[in-house]
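[1] Provided below are the primary sequence and the corresponding predicted coordinates.
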Amino acid sequence: MIPARSQFAMQFQAETGSVVVFGGIASAPLGDTWYYSTTSGTWANAVSSLSPPARFSMASCVTGPYMYISTGEGHD
């Protein structure tokens with residue numbers, strides 16, 4: 001299950017039927033990425049070397065298989 005957070009980015013990826021959640025803030029800015037499968041109803045933590053720095057209050061969008069993050073606050 002995804003840890004509690006606020007001010008995260010969330011988008012729907014139509015190709016996979018998944019909801020993608022990135023970052024947010026708990027006691028500190030978060031830099032993790034999670035996928036929620038709308039078919040199985042389960043969360044999975046995605047690990048990637050191409051992840052942006054931890055941040056919250058950002059703008060986001062999905063184009064094809066990619067989720068883009070812009071602006072926000074965090075560890076820059």
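    Sure, I can see it.

[2] what pairs with the nearest residue to Thr42 once chain neighbours are set aside across the strands?
    The shortest distance from Thr42 to any non-neighbouring residue, by CB to CB, 6 or more residues apart in numbering, is to Tyr36 (7.4 Å). The C-beta positions use only the backbone N, C-alpha and C, and glycine is treated the same way. Counting by DSSP bridges, Tyr36 forms beta bridges with Val19, Trp43.

[3] check Tyr36 and give its pLDDT.
    pLDDT for Tyr36: 96.

[4] one more: the one 3 residues further on?
    At Thr39 the predicted local confidence, pLDDT, stands at 93.

[5] again, but for His75
    pLDDT, read off for His75, is 66.

[6] so how many other residues sit close to Met1?
    6 (other CB atoms under 10 Å).

[7] who's in contact with it?
    When contacts are counted by CB atoms under 8 Å, 6 or more residues apart in numbering, Met1 touches Trp43.
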